[in-house]
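**Q** Predicted model and sequence below, questions to follow.
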Amino acid sequence: MRNLTMSDRWIAAAVQMNAGEDKEVNLQTAERLIAEAAAQGARLVVLPELFNYLGRLEDLAEHAESLDGPTATRMRQAAQKHEIFLVAGSFAELRQGDDRVSNTSLLFDPQGKQLGLYRKMHLFDIDLPDVHVHESKYVAPGDLPSVCPTELGGLAQAICYDLRFPELPRSLNLREVACLALPAAFTAKTGAAHWEVLIRARAIENQLFVIAANQFGRYVSGIQSYGHSLIVDPWGTVLAAASGDAEEIITAEISLDKLREVRQHMPTLGHRRI
Ligand SMILES: NC(=O)CC(=O)C(=O)O
């Protein structure tokens, strides 16, 4: 297993927020919570999906930014200031020649260098009796996975609805991945039924840690987010869980010994028939 020897035990944090339409307020909230998580000893902090602006999907383009816009710049600075790895949730990224945006997550290292870039691949187009969302009308899908080797182990990225698609982590070289970071704005309706079971399933079947940072509360389109941010280990054990209705930081120790132990005792990754 490469890149897993430098820092065998470290603290991960998932930040739970209720972002709204005021970008400056959201950015200041994120900066405050990142500072608190770092003060609690976190070396990796994960923010939720669309943490800088959560409003109507049809307004995303108006609030979209480039990869060196104010949101990315402030998150880069926060990672550097607190000397942490930061999965800067996701934000609407401008696309050249397209009315649609990308739903983009950046990973910064403790020097403020951008290590990873992931654009949400699976878009949330659903038609439940009381939740109707057509994300692909406003967001273009990404087409590349992201895995970054770091001193904390390999960090992979996914966003929210991607959680439902086991083929995304399965497309990676899982032996090089220790953690999956999952920024989310998972709905309360679907979350109550599926959130924890899907996160634990992805953690167990891929034998990795999942650090899932969700939004909570209602946003302008009337949709309620589920909260219940989670950190789960490769055995499927819930290491930390947030409530459904409050701003929170959850933290847990990530032990790469635990990861090795699970993979050695039950080497399912080597038993696959592809
Ligand atoms: N909001 C999402 O992208 C996904 C979600 O809420 C779900 O899969 O359920």
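**A** In hand now; what should we look at?
**Q** Up against the ligand, what does the stretch 101-250 of the chain have?
**A** Counting by C-beta under 6 Å from any ligand atom, the stretch 101-250 of the chain comes close to the ligand at Phe124, Cys160, Tyr161, Arg164, Ala185, Phe186, Thr187, Thr190. In this view, the C-beta of every residue, glycine as well, is placed from N, C-alpha and C.
**Q** give me the number of residues near the residue in the chain that the ligand sits nearest to?
**A** Closest to the ligand within the chain is Thr190: 3.0 Å, counting by C-beta to the nearest ligand atom. If you count neighbours by other C-beta atoms under 10 Å, Thr190 ends up with 17.
**Q** How are the strands of the stretch 51-200 of the chain distributed by residue range?
**A** Chain-ordered strands for the stretch 51-200 of the chain, with DSSP state E, counting those that start in this stretch as the definition, fall at 85-87, 91-93, 102-108, 114-119, 125-127, 132-134, 147-148, 155-157, 179-184.
**Q** Tabulate these (a markdown table), appending mean neighbour count, mean pLDDT and distance to Phe51.
**A** As requested, the strands of the stretch 51-200 of the chain are arranged in a markdown table below (neighbours: other C-beta atoms under 10 Å; pLDDT from 0 to 100; distance: least, C-beta to C-beta, whole Å):
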| stretch | mean neighbour count | mean pLDDT | distance to Phe51 |
| --- | --- | --- | --- |
| strand 85-87 | 29 | 98 | 10 |
| strand 91-93 | 27 | 98 | 7 |
| strand 102-108 | 26 | 98 | 10 |
| strand 114-119 | 20 | 98 | 15 |
| strand 125-127 | 12 | 95 | 22 |
| strand 132-134 | 14 | 94 | 18 |
| strand 147-148 | 20 | 98 | 20 |
| strand 155-157 | 27 | 98 | 14 |
| strand 179-184 | 29 | 98 | 7 |
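**Q** hang on, the earlier thing: just the buried members of the residues of the stretch 101-250 of the chain next to the ligand?
**A** If you count burial by 16 or more other C-beta atoms under 10 Å, the buried members of these come out as Phe124, Cys160, Tyr161, Ala185, Phe186, Thr187, Thr190.
**Q** Wait, the last one touches Asp130, no?
**A** No: using C-beta atoms under 8 Å, Thr190 and Asp130 do not qualify as a contacting pair, with a distance of 11.0 Å.
**Q** wait, Leu230 sits on Ala240?
**A** Yes: counting by C-beta under 8 Å, Leu230 touches Ala240, with 7.1 Å between them.
**Q** out of the two, which sits in the busier spot?
**A** Between Leu230 and Ala240, counted using other C-beta under 10 Å, the more crowded position is Leu230 (25 against 18).
**Q** quick one, phi psi at the closest residue to that one other than its chain neighbours?
**A** Ranked by C-beta to C-beta, 6 or more residues apart in numbering and with sequence neighbours excluded, the top spatial neighbour of Leu230 is Ala212, at 4.8 Å. Dihedral angles phi and psi of Ala212 (degrees, to the nearest 10) take the values phi -110, psi 110.
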